[in-house]
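> need the 3D shape of this:
(2 chains, ligands or ions: 2)
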Protein chains: 2
Amino acid sequence: MKQVSIALLGCGTVGKGVIDVLLMNGPIIEEQLNTKITVKRVLVRDINKYEQMNLPSAILFTNNFQDIIDDEEISLVVEVMGSADFAKECIEECFKRGKSVVSANKDLIADYGIPLLKLSKEKQVDFQFEASVAGGIPIVRAMYASLNGNKIDEIIGIMNGTTNYILTQMTCRGITYEEALREAQVKGYAEADPTNDVSGYDAARKIAILGTLGFHSEVTFRDVQVEGIEKITAEDIRNALEMGYVIKLLAIARQDKEGISLNVHPGFIRKTHPLANVADAYNGICVRGNCVGDVMFYGAGAGSLPTASAVVSDIMNVVLHEHIGVTGQRDFVSHEAKLKPQASICSPYYLRLLVQNTTGVLAGIATVLATYHISIRSLIQKDETADIAEVVLLIDQSSHCVVQKALKELSELTCVHTIANAIRVIEV
Amino acid sequence: MKQVSIALLGCGTVGKGVIDVLLMNGPIIEEQLNTKITVKRVLVRDINKYEQMNLPSAILFTNNFQDIIDDEEISLVVEVMGSADFAKECIEECFKRGKSVVSANKDLIADYGIPLLKLSKEKQVDFQFEASVAGGIPIVRAMYASLNGNKIDEIIGIMNGTTNYILTQMTCRGITYEEALREAQVKGYAEADPTNDVSGYDAARKIAILGTLGFHSEVTFRDVQVEGIEKITAEDIRNALEMGYVIKLLAIARQDKEGISLNVHPGFIRKTHPLANVADAYNGICVRGNCVGDVMFYGAGAGSLPTASAVVSDIMNVVLHEHIGVTGQRDFVSHEAKLKPQASICSPYYLRLLVQNTTGVLAGIATVLATYHISIRSLIQKDETADIAEVVLLIDQSSHCVVQKALKELSELTCVHTIANAIRVIEV
Ligand SMILES: NC(=O)c1ccc[n+]([C@@H]2O[C@H](COP(=O)([O-])OP(=O)(O)OC[C@H]3O[C@@H](n4cnc5c(N)ncnc54)[C@H](OP(=O)(O)O)[C@@H]3O)[C@@H](O)[C@H]2O)c1
Ligand SMILES: NC(=O)c1ccc[n+]([C@@H]2O[C@H](COP(=O)([O-])OP(=O)(O)OC[C@H]3O[C@@H](n4cnc5c(N)ncnc54)[C@H](OP(=O)(O)O)[C@@H]3O)[C@@H](O)[C@H]2O)c1
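Residues are numbered from 1 along each chain as shown, chains lettered A, B, ... in the order given. Ligands and ions are numbered 1, 2, ... in the order given. Next up is the predicted model:
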């Protein structure tokens, strides 16, 4: 049996999972590769912390990357540290020294994926990153190796477990955003500072990666318009349910004649939509190709072992490639991205306004919308208190820019107290 | 730009789809491969039929396989004819002449996949078969390249569109099996002779292929215990719905300490199970791995363009492999399959009996079940006519063998008119 020694950069949730999977499934992995994979060195910051953990004693811990890069025996480095800049430096150094890299780091891939792929190709080493999108769900390889005969029209998914857990709890139990967030923090689904998840940045990184793969042109985190779930209230969730919808944080990449659009925002989706049943911390991704139609992937988008499942499959692919003397390199990008102006992206909207409970209010609202040629699908007034009433509207397909203008004008009406929310409605 | 000439064996639903996709998405495919793929020759039986179709005039039709095998320019042959024996001969001949093969033929792969893979490896050519399971859903590559770090515990799926269409119509509209089948035939979802689909043979071939990939040991069509949907009645469907279940034709591969079991049979699944919402002719497959947990794939399991999407991705992979001078070969099988005796497979069951409407009937039934140590979860008697009543039972986890014996004894009770059905209940 052949032997391959690898190094890990990082030994947290994912790194520890990789060690566990390699041990737990060693025989299955070995029989497929005819190779024994050994974790030889691991880079961390605080070595002491790890020496107290019950990890295989043969592993050499270090806080000096040089120990890893200088080890000629190590041909494959697994980057599971997180953050973009230091990871990028390490990976570039690996490539230059002829070492292949597997990474789970979405921050890194979303920003520097394409330049790193180019460098890896130049240096004739492998670079794989299945775990960077939706943890254990095998979506990255599916995009470039299985759905690649399609023109991809749309990718739409629930790619952040934290926000999906929060929204699921709000939906099933009618609790508030604040309550659900606190619960998610207690259960370890949300971090102490939840911004990266609840503001949509994490999902934005993943949709940038999938957009690049799907449209064969480089798009990054900065090309994604991001809106989080912080403004979603129990009332919005309840209104959605009454109208036959659920609210999900959606990451959407679309391509049409005008170009590519990348968005992360809360959206109304019909209860019958396949994504509507993706509950709790699970992820689900629908890809629409011009031949295959709609394909959906569902599974655990994070967590130690599910994410390690993806990392280990990458490790196995690199080892197989090494055996036959190739790298898995493809040309992921073949042309410049043409971005579609956000202002022209259209969708129906749900609007929730708090208004003075007086006559003529609805007429006033309808008049403003008519000025902007926005047609109303439904309008319901709900009496909340004697003074303030809730008005819930569904408006037809309208451009983002027009809706923003109309909302501004509505907010200036004396009878309108607050524009409580404006949420896009996804039509299948 | 490089040029690759390919040949198709067969130009029916899938073959025509492949020609369409290569034309429609030519530019996308070319920019990824830096190669133009041209269909040069096509084998059919009745050339005249095809000359009247509006196909690219440069394609050379033939009814003589020798024309294809002797063409040195053709390095890749796409087998989309169907049937096992002639296809096998052709493919072996291709391998011997150094031509790679892509096949969509589940009958062939389920029976001869592993010997063919061995031969292709020996001859250093490529052999890919993504479309042989669930059409456009990228499950085959996911099994061997993305979930391969897992010990696979279970694969459970809806892998036949025809039967799923029939069962969906029966469920949603309360129509009979016969009515739904006729409708499926009119709509082109079922063939004039529907046996291959409704008896479960088609699904059996697919689960044999996935079982082989998942358990790394060769299992074939003959190792699958098959039961079709012919006996499912409107009453069974209605009873299922009342108890919170739907009935689906399930293909199941499981592995535990006692070995591998492969089954195709109708099953009760909870309405909340991810597969319960897989409707009409769609397919859905859940894979449970010991690291990744449950992953689900959903999409069009058949049809011209969806199936061609998978075939074209295989073609693209073969072309990429040719460029770097390798084949995609892995060792799919590493040990002998150990099959678990069917008789020992346990599950809860739904039973529907037609009985004489007299006192003491339920006591009689309960007594027989008690003899076999089968415990009853629920028992409902429904009055159907004055003379004959329907008894619906849910029994606990019991082995197939014991249930069969108990059913035989029940059928011998004078008060039992007919054992109308016995359907397994899938617990998540
Ligand atoms: N967690 C998931 O479910 C998941 C899913 C998909 C992708 N990912 C991605 O996987 C990566 C790792 O995530 P994680 O959850 O495993 O993170 P984590 O639990 O915070 O672990 C990070 C590890 O990296 C080490 N590390 C961080 N910065 C370092 C530095 N500058 N030098 C040396 N060591 C450093 C840490 O060592 P010390 O403890 O000594 O600081 C720790 O061992 C991230 O890119 C994340 O986005 C995670
Ligand atoms: N249809 C689907 O949605 C689907 C999905 C997944 C996999 N598949 C698999 O793909 C394969 C093709 O299916 P299909 O639906 O495309 O079949 P089809 O529509 O019946 O077409 C079969 C084609 O093969 C030719 N052919 C058959 N036997 C031949 C022989 N002995 N010599 C020469 N040509 C022969 C036929 O030519 P003539 O017309 O001249 O007889 C016809 O062009 C099958 O293995 C099937 O299981 C199909």
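> now tell me which helix or strand of chain A has the poorest mean pLDDT.
Lowest by mean pLDDT, DSSP states H and E among the helices and strands of chain A is strand A:376-383, with a mean of 89.
> can you name the element that comes right after it?
Using DSSP states H and E, the next helix or strand after strand A:376-383 towards the C-terminus is strand A:388-399.
> ok, now which ones touch residue A:93?
By CB atoms under 8 Å, 6 or more residues apart in numbering or on different chains, residue A:93 lies in contact with A:65, A:69. Heads up, the C-betas are built off the backbone N, CA and C, glycines and all.
> quick one: residues contacting residue A:19.
By CB under 8 Å, 6+ apart, residue A:19 lies in contact with A:8, A:11, A:39, A:55-56, A:59.
> buried ones among those?
Among the contacts of residue A:19, the ones that count as buried by 16 or more other CB atoms under 10 Å in any protein chain shown are A:8, A:11, A:39, A:55, A:59.
> pretty sure the second one contacts residue A:51?
Meaning residue A:11. No - applying CB atoms under 8 Å as the test, residue A:11 and residue A:51 come out as separate, 11.1 Å apart.
> overlap in contacts of the two?
residue A:61.
> just to revisit the earlier point, in the least confident helix or strand of chain A, which residues are buried?
For strand A:376-383, a neighbour-count test (16+ other CB under 10 Å) marks residue A:381 as buried.
> swap in stretch A:158-174?
Of the residues in stretch A:158-174, those buried (16+ other CB under 10 Å) are A:158-171.
> what about the residues you listed, which are in strands?
Among the buried residues of stretch A:158-174, the members found in strands (DSSP state E) are residue A:158.
> of all the buried residues of stretch A:158-174, which comes closest to residue B:122?
residue A:159 (43.0 Å; CB to CB).
> just checking, residue A:156 is part of a helix?
No - looking at residue A:156 with DSSP: H, G, I helix; E, B strand; the rest coil, it is strand, so not inside a helix.
> can you give me the distance of the residue of the stretch 201-350 of chain A found nearest chain B to residue A:180?
Nearest residue of the stretch 201-350 of chain A to chain B: residue A:312, at 3.4 Å (CB to the nearest CB). Distance of residue A:312 to residue A:180, computed by CB to CB, to the nearest Å: 33 Å.
> which of these two has more neighbours?
Each of residue A:312 and residue A:180 has its neighbours counted (other CB atoms under 10 Å in any protein chain shown); residue A:312 has more, 29 against 26.
> pull the contacting residues for the nearest residue to the more buried one once chain neighbours are set aside.
Nearest residue to residue A:312, sequence neighbours excluded (CB to CB, 6 or more residues apart in numbering or on different chains): residue B:149, at 3.4 Å. Residues near residue B:149 by CB under 8 Å, 6+ apart: A:21, A:25, A:28-29, A:308-309, A:312-313, A:315-316, B:291.
> closest to residue B:302 among those?
Closest approach to residue B:302 among the contacts of residue B:149 (CB to CB): residue A:313, at 27.5 Å.
> and that closest one, helix, strand or coil?
State at residue A:313, reduced to three classes by three-state DSSP: helix.
> circling back to that earlier point, from the buried residues of stretch A:158-174, which is closest to residue A:261?
Of all the buried residues of stretch A:158-174, residue A:159 has the smallest distance to residue A:261: 16.3 Å, by CB to CB.
> so what pLDDT did that closest one get?
Here, the pLDDT recorded for residue A:159 equals 98.
> repeat for residue A:331
Value for residue A:331, per-residue pLDDT: 82.
> that one touches residue B:32, doesn't it?
Yes - proximity of residue A:331 to residue B:32 meets the contact threshold set by CB under 8 Å, at 6.6 Å.
> can you tell me which residues in chain A are near ligand 1?
Proximity of chain A to ligand 1 (CB under 6 Å from any ligand atom) is limited to residues A:10-15, A:43-46, A:49, A:80-82, A:86, A:104-106, A:131, A:135, A:302-303, A:307.
> again, 5 Å this time
Listed as neighbours of ligand 1 in chain A under the rule CB under 5 Å from any ligand atom: A:10-14, A:43-46, A:80-82, A:86, A:104-105, A:135, A:302, A:307.
> restricted to buried residues, select the residues you listed in ChimeraX.
Buried subset of the residues of chain A next to ligand 1, written as a ChimeraX selection, criterion 16+ other CB under 10 Å:
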select /A:10,11,13,14,43,44,80,81,82,104,105,135,302,307
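> and stretch A:24-36, what's buried?
Quick answer for stretch A:24-36 (16+ other CB under 10 Å): A:24-25, A:28-30, A:32-33, A:35.
> whoops, stretch A:116-128 was the one
Neighbour counts using 16+ other CB under 10 Å place A:116-121, A:123, A:125-128 of stretch A:116-128 among the buried residues.
> outside of that stretch itself, list whatever touches it.
A:76, A:88, A:91-92, A:94-96, A:98-103, A:108-109, A:314, A:317-318, A:321-322, A:327-329, A:332.
> could you give the angle of the helix or strand hosting residue A:298 to strand B:293-300?
Secondary structure from DSSP H and E places residue A:298 in strand A:293-300. Relative orientation of strand A:293-300 and strand B:293-300, computed by axes from the mean of the first three to the mean of the last three CA atoms, to 10 degrees: 170 degrees.
> and strand A:293-300, which strands flank it?
If you go by DSSP bridges, strand A:293-300 pairs up with strand A:282-289 (antiparallel), strand B:293-300 (antiparallel).
> if you compare those strands, which one is most tucked away?
Ranked by mean neighbour count, the strands paired with strand A:293-300 are led by strand A:282-289 with a mean of 25 (mean count of other CB atoms under 10 Å in any protein chain shown).
> list the contacts of the closest residue to ligand 1 within chain A.
When scored by CB to the nearest ligand atom, chain A has residue A:12 as its residue closest to ligand 1, at 1.8 Å. Each residue near residue A:12 by CB under 8 Å, 6+ apart is listed here: A:80-82.
> and which of these is nearest to ligand 2?
Distances from ligand 2 to those, taken as CB to the nearest ligand atom, are shortest for residue A:80 (38.3 Å).
> isn't the closest one up against residue A:103?
Yes - counting by CB under 8 Å, residue A:80 does reach residue A:103; the two are 7.5 Å apart.
> helix or strand: which one has the residue nearest to the spatial centre of chain A?
Centroid-nearest residue in chain A, with CA atoms, centre = their mean: residue A:203, separated by 2.9 Å. Applying DSSP H and E as the criterion places residue A:203 in helix A:201-215.
> picking that back up, the residue of the stretch 201-350 of chain A closest to chain B touches residue A:20, doesn't it?
No - using CB under 8 Å, residue A:312 makes no contact with residue A:20, being 9.8 Å away.
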